[in-house]
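**Q** fold the following and give me the result.
(6 chains)
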There are 6 protein chains.
Amino acid sequence: MASDPSPLQDFCVVDKNSPVFVNGFVCKNPMDVKAADFFKAAELDKPRMSNKVGSNVTLINVMQIAGLNTLGISLARIDYAPLGQNPPHTHPRATKILTVLEGTLYVGFVTSNPDNKFLSKVLNKGDVFVFPMGLIHFQFNPNPHKPAVAIAALNSQNPGAITIANAVFGSKPPISDDVLAKAFQVKKNTIDWLQL
Amino acid sequence: MASDPSPLQDFCVVDKNSPVFVNGFVCKNPMDVKAADFFKAAELDKPRMSNKVGSNVTLINVMQIAGLNTLGISLARIDYAPLGQNPPHTHPRATKILTVLEGTLYVGFVTSNPDNKFLSKVLNKGDVFVFPMGLIHFQFNPNPHKPAVAIAALNSQNPGAITIANAVFGSKPPISDDVLAKAFQVKKNTIDWLQL
Amino acid sequence: MASDPSPLQDFCVVDKNSPVFVNGFVCKNPMDVKAADFFKAAELDKPRMSNKVGSNVTLINVMQIAGLNTLGISLARIDYAPLGQNPPHTHPRATKILTVLEGTLYVGFVTSNPDNKFLSKVLNKGDVFVFPMGLIHFQFNPNPHKPAVAIAALNSQNPGAITIANAVFGSKPPISDDVLAKAFQVKKNTIDWLQL
Amino acid sequence: MASDPSPLQDFCVVDKNSPVFVNGFVCKNPMDVKAADFFKAAELDKPRMSNKVGSNVTLINVMQIAGLNTLGISLARIDYAPLGQNPPHTHPRATKILTVLEGTLYVGFVTSNPDNKFLSKVLNKGDVFVFPMGLIHFQFNPNPHKPAVAIAALNSQNPGAITIANAVFGSKPPISDDVLAKAFQVKKNTIDWLQL
Amino acid sequence: MASDPSPLQDFCVVDKNSPVFVNGFVCKNPMDVKAADFFKAAELDKPRMSNKVGSNVTLINVMQIAGLNTLGISLARIDYAPLGQNPPHTHPRATKILTVLEGTLYVGFVTSNPDNKFLSKVLNKGDVFVFPMGLIHFQFNPNPHKPAVAIAALNSQNPGAITIANAVFGSKPPISDDVLAKAFQVKKNTIDWLQL
Amino acid sequence: MASDPSPLQDFCVVDKNSPVFVNGFVCKNPMDVKAADFFKAAELDKPRMSNKVGSNVTLINVMQIAGLNTLGISLARIDYAPLGQNPPHTHPRATKILTVLEGTLYVGFVTSNPDNKFLSKVLNKGDVFVFPMGLIHFQFNPNPHKPAVAIAALNSQNPGAITIANAVFGSKPPISDDVLAKAFQVKKNTIDWLQL
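**A** Next up, the predicted model:
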């Protein structure tokens, strides 16, 4: 989201020992803050293993860097196997900006109702693309032989991600197939298939 | 979204004749503002026809009431046919609060990754439920004989809606079935089926 | 107000047992969150008893639904006795949008200094009206025989309400009648009358 | 209000010749901006004539200093005649902080419903007091012989002011005395008196 | 900054005994709030001693008035010795508006890269000037014989201040003179001079 | 800054032909929006020439990608020559998060008054560091032989940058050396040296 609440002091580094939950996180005593609180030896330069759809997101948000609390930004490295993808998803609280470090990506997003326009683009090394706040988007590596790598930034300390396939067809417990069959205008056994 | 930008004057009523586009809308001269600018003879008391999934949303946002510009709220009546549903969707810029006027609704939302917990509830007349900002949610009328009616409010002048089935499987142009088949881990012909 | 601070996670459900006070509320462990936290068996379908000015507001805000914390919205049912009113008041932190469920309402708001224009409208069943953030407004049921009912939404988890008559003439302790007599340009005994 | 929308550039100085209205103001070309755009020869050091309740507010907001647009603050000098007052009012979009330059002030504010607690204090030269956003407040000069002077700041480029007496009993057109008589629980002729 | 997060209740007075740190401050029980929480016997009418550059800032922010928490504003008196200055500094979280109570001030600010335009003005008693959020600015008393006094307001409960000379050349520990020599394009011994 | 105003529609792509200036930018007709509006063939994969302090910032903000308007984020590639630096500067409207793509960086920031603590860290390839909103910070390549490269993201569509050396000693017109000599507690000829 384009507007995490503004900071009211230089920083408010997460106190990982606090039992108190608030919007964002409780902070530790500013007297105890160190440079390490703003740092992560993230190895964002290293390729990562892919999941079943052929991608891996290494997200550096407020869970990884305690100093990000109240500061409204996070960063990620995304690895794509050949023909891998970061499948259709939304960020409920952020816009994403992405640049390609290696390889080629076919990317796109879909506008909201009623138009549902699909805007897409092929990105090469060094190109930049923006995915507006809350819209469904994806990245796909069309190359059958080479991996791709991107760096993405999001304007929230905790942007959240909702992978459509998982949230709709893989929630715990599952959404009733009665509901989903009508929503997607297919038979229940198709839904059951999708829910596997 | 919980934070449309704040108003900088009492009101900023949409100037429907302006050719200038801004974040939200350009306003008309405040000297020309009338009570009618804050009003809509909306007939929110009348049942409405249903779409193919058995629901109809009559949304009163800034497009219907010009005076809503900069004021961060909108209101809707939702009609549900017997066994009808307001199918899984997100609002990229709003939380929704809903109360049932007639009938019964089975409602739920799914939390973001990695948990994708599905929280659901049956609502009767007079009950209230909240769908947090940006999460996938739906309402379903489980009664095979009676319609249901709800009033919902959203905290944006233009909350937006993204119906998952339409945006993923019905975008214009369509998203490649290569991408969707892998994303949903099914065969391309299942995707083609969903895209019909 | 059009901008409760934005949420930094899917939800932040009020921890009713916490002794810690913050802007809004401390939240409970997200692992313990249940669908019931977003629900209220509010009986918003039932008529309510009226106060001395002939109205009753049943407000569903963050005090009634713990899940509303950080989400920036609330909902109310308002009942009006014949000739009853929701008397002149402001919401210091919200715009209100209202629809009439039953009966007729004469509604209006007054713009800020120096114009103090009074904009008013008669609303029938199904009509919608907006009361901009922070302005003095009221609803009055002009029908001497029939009650009226409205649903209203406000874009804050805790919009607050300041009933002018009560805050000015009924505060605890009372504001000095010297101050009020001059402010309202009347004699002190008129103020004493109003303060009864 | 504690949150005028944030600036998106160093400044956005009001273009006084633009016919276009937006939330806040359209700005002039940044190439044409001069130091004078951030300046007002305001003579805030000079006593001002009082109105009928014995006060005068010289407000320096975005109307007086074009450079204040998007910057979220304004400043005022308030003069109080002996026994004069800045009568009960609210700022729909700002908190006020005030310091006394000359004389003595009796000040207070009333909390929102249902408590309507009246918190008050006598301020002497050099003292500072805060009036929270949207609450009804006033300042009164209790000295029958000497004037008082204060400087106040508000956190909006256009905080707005609603003087209760004027807005409720002096709006144009007037609010029906039927409505006001019941709201204030007095006879209509008392309302007519107040409306003079 | 023009947007401290908005308040979610009438006030949230700092609980000075709480060991819990949050964005801003934890508040005390609203039942325990008193008028004194919004008050400071600040003696803003009294001249103050000057520091080595000939100025003194008496800032009334949330540390001095606990009631300012969540309310987004603070106030300061600034004293300038003859030829004294409030040296070049930024406020990372606020715009400043200033009026001259006594004497004359030469004031200015510098716009951001790449232009770095310096806009300046001479202010006399009663004049008002605005320093936009985050820009480097200063005030200088050009009179070799008379002091000057100003009142300034900032739109954050804790605007912060970064005095350039101190932060760049006087940090603890010092920034390496290798870095600073190249940054300022001078020899290291000039930097060592500045760091004394 | 952690809170660019929130978007009120899916996107608001800059209309580069509009003569109207607003907070941010006027947008073009959403019907005319294309995927290219969210794209920049930025060649962020290519090394860039360095300036006189041995660095080059290639910033992709709303000026480069029109679709970034209202979306609150920007991205940059920074090249550092051997012993080059991105000299001490602030971003008046953003926090920065940075990862090292090639080489080594010595980075740090200084907290606000009165502590002016200098927190620093050596970053290697793949490491991530955060520079909080509005604080003075720098990056320095300590390697005398090899260049370094970083990707940085900032949470504003137009974060702004203020290079301290340029803004203080190189403004147009220059700040008086009387003012700067006293501010930095050195002789005027040292200031004259710095202003060259």
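**Q** can we go C-alpha only for contacts and neighbour counts from here?
**A** OK.
**Q** quick one: residues contacting residue A:131.
**A** A:95-97, A:108-109, A:137, F:38 (CA atoms under 8 Å, 6 or more residues apart in numbering or on different chains).
**Q** correct me, but residue A:147 touches residue A:78?
**A** No. The criterion here is CA atoms under 8 Å, and residue A:147 misses it with residue A:78 at 10.7 Å.
**Q** and chain A, split by domain according to the record?
**A** Domain assignment of chain A by automatic domain parsing yields the ranges A:21-158, A:161-196.
**Q** of those domains, which stretch is the most buried?
**A** Highest mean neighbour count of the domains of chain A: domain A:21-158, a mean of 23 (counted as mean count of other CA atoms under 10 Å in any protein chain shown).
**Q** how far does that one sit from its chain's centre?
**A** For domain A:21-158, the gap between its own C-alpha mean and the chain's C-alpha mean amounts to 5 Å (CA atoms, centre = their mean, to the nearest Å).
**Q** and it, end to end?
**A** For domain A:21-158, the first and last residues are 15 Å from each other (CA to CA, to the nearest Å).
**Q** could you list the low-pLDDT ranges of chain A?
**A** Counting by pLDDT under 70, chain A contains low-confidence residues at A:1-3.
**Q** residue ranges for the strands of chain A, please.
**A** Taking DSSP state E as the test, the strands found in chain A are A:21-22, A:24-25, A:39-40, A:55-60, A:74-80, A:85-90, A:96-102, A:105-110, A:118-123, A:128-131, A:136-140, A:148-154, A:162-163.
**Q** can you tell me if stretch A:44-56 touches chain F.
**A** Yes. Interface with chain F: stretch A:44-56 contributes A:44-46 (CA under 8 Å from any CA of the partner chain).
**Q** I'd say residue A:69 and residue A:24 touch.
**A** Yes. Here residue A:69 lies in contact with residue A:24, judged by CA under 8 Å, at a distance of 6.7 Å.
**Q** adding distance to residue C:64, write the contacts of residue A:131 out as a markdown table.
**A** Shown next, in a markdown table, are those (distance: CA to CA, whole Å):
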| residue | distance to residue C:64 |
| --- | --- |
| A:95 | 32 |
| A:96 | 35 |
| A:97 | 39 |
| A:108 | 41 |
| A:109 | 38 |
| A:137 | 36 |
| F:38 | 43 |
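**Q** closest to chain C out of those?
**A** For the contacts of residue A:131, the minimum distance to chain C (CA to the nearest CA) is 14.0 Å, reached by residue A:95.
**Q** turn the domains of chain A into CSV, including distance to residue D:163.
**A** Supplementary listing: those in CSV, determined by distance: least, CA to CA, whole Å:
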stretch, distance to residue D:163
domain A:21-158, 36
domain A:161-196, 47
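**Q** ok, now how distant is the residue nearest the centre of chain A from residue B:115?
**A** Residue closest to the average C-alpha location in chain A (CA atoms, centre = their mean): residue A:161, at 4.7 Å. Residue A:161 sits at a distance of 11 Å from residue B:115 (criterion: CA to CA).
**Q** could you give the bridge partners of the spatially closest residue to residue A:64 that is not a sequence neighbour?
**A** In space, residue A:64 comes closest to residue A:40 once its chain neighbours are excluded; the distance is 7.0 Å by CA to CA, 6 or more residues apart in numbering or on different chains. Note on residue A:40: beta-bridge partners by DSSP bridges are residue F:128.
**Q** residues in contact with residue A:40?
**A** Residues counted as contacts of residue A:40 (CA under 8 Å, 6+ apart) are A:64-65, F:127-129.
**Q** of the residues you listed, which is the nearest to chain B?
**A** Here the nearest of the contacts of residue A:40 to chain B, counting by CA to the nearest CA, is residue A:64; it sits at 15.8 Å.
**Q** residue A:102 is in contact with residue A:143, correct?
**A** No. Counting by CA under 8 Å, residue A:143 stays clear of residue A:102, with 11.5 Å between them.
**Q** run the contact check for stretch A:168-188 versus chain B.
**A** Yes. Under the criterion of CA under 8 Å from any CA, chain B is reached by stretch A:168-188 at A:168, A:170-175, A:179-180, A:182-186.
**Q** does any part of that stretch sit near chain C?
**A** No. Among the residues of stretch A:168-188, none lie within reach of chain C under CA under 8 Å from any CA; the closest is 12.6 Å away.
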